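> Pasted the sequence and its predicted model underneath.
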Amino acid sequence: MPSGHTKLTQRRMIVLVVALLLTFAGAIASAMAGQLPASWTEVIGTVLHSAGFNTGWRPNDELIEQTLLQIRFPRVAMSLLVGAALAIAGAVMQSIFGNPLAEPGVVGVSSGAALGAALAIAIGMTTFGGWSIAVMAFLGGFLSTVLVYATARSQGRTEVVTLLLTGIAINAFAGAGLALMMFSGGAAAREQIVFWQLGSINGSRWSEVFIVLVLTVPAMVWVSLMARQYDVLALGERSAAHLGLNVERLRVISIVLVALLTAAGVAFVGIIAFVGLVVPHVIRMLLGPGHRWLLPLSALMGALLLVWADLFARTILDGSDLPIGMLTSLIGGPFFFYLVRSARSRAGGWA
Amino acid sequence: MTTEQPLAFRVRHVSCERGDNLVLDDVSLDVKLGQILALVGPNGAGKSTLLSTMSGDLRPTAGAVELNGSAIENYSAKQLARERAVLLQANTVSFAFSVQDVVHMGRTPWMKTSDEETDARLCEQAMRDADVEHLAHRSFQALSGGEKARSSLARVLAQDTPIVLLDEPTASLDLRHQEDVMVVARRLADAGRAVVVVLHDLSLAAAWADEVVILAEGRLVHHGPPQDVITAQTVRSVYGIDVHVLTDPSGRLVVVPERA
């Protein structure tokens, strides 16, 4: 139907433009807020100045400019990147599990990555230099993805109940592992590990942003290029294979990329759960399940969600910086509950 | 061995084991282009397994399957997708894709060689043939069993392959749609394609198939034109039930159980 088609195109455009504007606004608002408030003109002026354009908007106060450049901007950049990475990782995971409840936090990939990161901290690992924590987080995340995937799937689909039980098992194990690291590590390591469990974007540095950028952006582009394959995979793996899809290859690549996307975020900001659950769900409701739009827009909306959530986390209580992971779980938990309920009533999801 | 029609499949001495069970036991048959071949037999006779070996899903433990004259395992997934389309018994879709989306997925193997116009035309034709045009914008997940089966059939037809393998396409369909599916199968065969269809309804097989294969306990027990294969005797020996094989006014065979 041509009319239905244009309507959808129209809606996609609206969602895209609104999401872009809100992300932009969120990034600016987040850079403005803090102990040393900056105006939006100062924020834009500083960005333009760094890009080589001098405008009258450049802050007069050197301190404000330095605060923006050294503290606020990396924080904003980190929240955008991590949000995008987690949301798109969730969407990919849901596709390969054939289940809208799959999410890196829920099924234990995040805590696996956190365990890897904690191990690197506790033993003071420096084998890979500045990348040590990221590498260990990736390994932890990768192992848990493979584990969930191997145990929870049967015949190309994952039953809700198996998926959740596997997640419980992995989360419990990783939790115990984290506790062990805290118990055996020094005071400094202990504090750092506690921070992982809560998740916070506070104190992000450019060097860390750079690592996350290098890891996540190529991975996000890659999965987006495979969008059509994820569509076909919705038919189930046998029918997808009958249509010429190399299911095995798609799976392996996807698992590696999901682990990478999740671990990159977890390594530097800790566990931020439910972003990958909420965002793709909302986009499917707005624009339908096609992955050509779902994947890139998940990235955009994930960035949008996390930049605002971070702003909220550090401004809602005067003078305190709430852990953002706590905040997303506070909202994501009930939402997850709602999804489980609807999955159960819709498809007899417990079978 | 010479035949007038070119062969789609040459199945030779194929056996399949599952665990300790011999699910297929030394099955040999030819599938000709331009014909409907019906696979019938009791539950667990190995019909779906035989179909899986022909679709390239399952590699036989012994024996060989040739597709267009070369071993089926030499085909890549993509090449196979351009030769044969497969309709499975159960069809589910993970997210709320519309019927139209699902049917368009049938065009995946031709993505680089086909243009949008051809894709649209074939998908429309497929949806018309499977009578799902009116469901085009409905979510596949929200359909009834029969509607799902027909939508999946449309997807298979959109794939536009010379060989079409259908595993119980009529199982969940009402009387009219059962006939519709077989009419479509007939049209495909008349256009020179090979159709292999697993059926439970012997009357349907007798009415529409050019050749019927009866499987029982993994063995091919009868193979030939319906009037030779579907007889009261063969049905009794394979299914263990007495039947009347009647002739309907159009001259086609009808199988009904003998009832007291």
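Cool, the structure landed. Numbers count the residues shown, from 1 in each chain, chains lettered A, B, ... in the order given.

> Which residues of chain B lie near chain A?
B:55, B:57, B:77-82, B:84-86, B:88, B:91-98, B:101-102, B:105-106, B:108-109, B:111, B:136-137, B:141, B:152, B:155, B:159 (C-beta under 8 Å from any C-beta of the partner chain). For every residue, glycine as well, the C-beta is placed using N, CA and C.

> Flag every buried residue along the lengthiest helix in chain B.
Ranked by residue count under DSSP state H, the longest helix found in chain B is helix B:175-190. Residues of helix B:175-190 classed as buried: B:177-178, B:180-182, B:184-186, B:188-189 (neighbour count, 16 or more other C-beta atoms under 10 Å in any protein chain shown).

> my guess is B:His13 is in a strand, correct?
Yes. Assignment of B:His13 by DSSP: H, G, I helix; E, B strand; the rest coil places it within a strand.

> name the element the closest residue to chain A within chain B belongs to?
Proximity of chain B to chain A (C-beta to the nearest C-beta) peaks at B:Ala81, 3.1 Å away. Using DSSP states H and E, B:Ala81 sits within helix B:77-83.

> Would you mind identifying the next helix or strand past that helix?
strand B:84-87.

> Residues touching that next one, excluding its own?
Residues outside strand B:84-87 that contact it (C-beta atoms under 8 Å, 6 or more residues apart in numbering or on different chains): A:238-239, A:242, B:51, B:54-57, B:67, B:106, B:152-153, B:156-157, B:159-167, B:169.

> Tell me which of those residues fall in strands.
Members of those lying in strands (criterion: DSSP state E): B:67, B:163-167.

> Neighbour-wise, give me the winner out of those residues.
For the ones in strands among the contacts of strand B:84-87, the largest number of neighbours (other C-beta atoms under 10 Å in any protein chain shown) sits with B:Leu165, at 30 neighbours.

> if I pick it, what's in contact with it?
When contacts are counted by C-beta under 8 Å, 6+ apart, B:Leu165 touches B:51, B:54-55, B:84-87, B:196-197.

> Repeat that for A:Gly56.
Going by C-beta under 8 Å, 6+ apart, A:Gly56 touches A:Gly45.

> hang on, the earlier thing: the helix holding B:Ala81 - what's its average pLDDT?
Helix B:77-83 shows a mean pLDDT of 94.

> Which residues belonging to that helix are considered buried?
Under 16+ other C-beta under 10 Å, the buried positions of helix B:77-83 are B:77, B:80-83.

> Just give the closest residue to whatever residue of chain A ends up closest to chain B, not the sequence neighbours.
Going by C-beta to the nearest C-beta, chain B is nearest to A:Gly244 of chain A, at 3.1 Å. Among residues not flanking A:Gly244 along the chain, B:Ala81 sits closest, at 3.1 Å (C-beta to C-beta, 6 or more residues apart in numbering or on different chains).

> so how far is A:Leu322 from the residue of chain B closest to chain A?
52 Å (C-beta to C-beta, to the nearest Å).

> again with A:Arg72
In terms of C-beta to C-beta, A:Arg72 sits 17 Å off from A:Leu322.

> go on, A:Arg205?
From A:Arg205 to A:Leu322 the distance is 20 Å (C-beta to C-beta).

> Repeat that for B:Val65.
63 Å.

> mind listing what's buried in whichever helix or strand A:Ser132 is part of?
Assigned by DSSP H and E, A:Ser132 belongs to helix A:132-152. Judged by neighbour count using 16+ other C-beta under 10 Å, the buried positions of helix A:132-152 are A:132-149, A:152.

> just checking, A:Leu322 touches A:Thr315?
No. In this structure, A:Leu322 is not within contact of A:Thr315 by C-beta atoms under 8 Å, at 9.4 Å.

> Those two: which is more packed in?
For A:Leu322 versus A:Thr315, the count of surrounding residues by other C-beta under 10 Å is larger for A:Leu322: 19 against 15.

> which SS state does the more buried one fall under?
Once three-state DSSP is applied, A:Leu322 turns out coil.

> And A:Ile271, by the same measure?
A:Ile271 - assigned by three-state DSSP - is coil.

> Just the pLDDT for it.
For A:Ile271, the model assigns a pLDDT of 84.

> Please give the number of neighbouring residues around it.
28.

> so what's it up against?
A:105, A:110-111, A:114, A:196-199, A:325.

> Between those, which sits nearest A:Gly332?
The nearest member of the contacts of A:Ile271 to A:Gly332, counting by C-beta to C-beta, is A:Gly105 at 7.8 Å.

> and the closest one, what does it touch?
A:111, A:271-277, A:329, A:332.

> Please apply the same query to A:Gly290.
Neighbouring residues of A:Gly290 by C-beta under 8 Å, 6+ apart: A:227, A:231, B:97, B:101.

> which one of those has the most neighbours?
A:Asp231 (25 neighbours).

> Can you point out the buried residues in the longest helix along chain A?
Of all the segments of type helix in chain A, defined by DSSP H, the longest one is helix A:2-32. Residues of helix A:2-32 classed as buried by neighbour count (16+ other C-beta under 10 Å): A:12, A:15, A:19, A:22-23, A:26-32.

> Tell me which two in the residues you listed are the farthest apart.
A:Arg12 and A:Met32 (30.5 Å).

> Point out where the stretch 151-260 of chain B drops to low pLDDT.
Along the stretch 151-260 of chain B, no part satisfies pLDDT under 70.

> Export only the CA atoms of the host helix or strand of B:Cys123, formatted as CSV.
Assigned by DSSP H and E, B:Cys123 belongs to helix B:116-129. Output in CSV follows, covering the C-alpha atoms of helix B:116-129 (Å, rounded to 0.1, in the frame of the first residue of the first chain):
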residue,chain,number,x,y,z
GLU,B,116,12.7,-3.8,-7.1
GLU,B,117,10.0,-4.0,-9.7
THR,B,118,10.5,-7.8,-10.2
ASP,B,119,10.5,-8.4,-6.5
ALA,B,120,7.3,-6.4,-6.0
ARG,B,121,5.6,-8.2,-8.9
LEU,B,122,6.6,-11.7,-7.7
CYS,B,123,5.6,-11.0,-4.1
GLU,B,124,2.3,-9.7,-5.2
GLN,B,125,1.7,-12.8,-7.3
ALA,B,126,2.8,-15.0,-4.5
MET,B,127,0.4,-13.3,-2.0
ARG,B,128,-2.4,-13.6,-4.5
ASP,B,129,-1.7,-17.3,-5.1
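
> Could you give the average pLDDT over that helix?
94.
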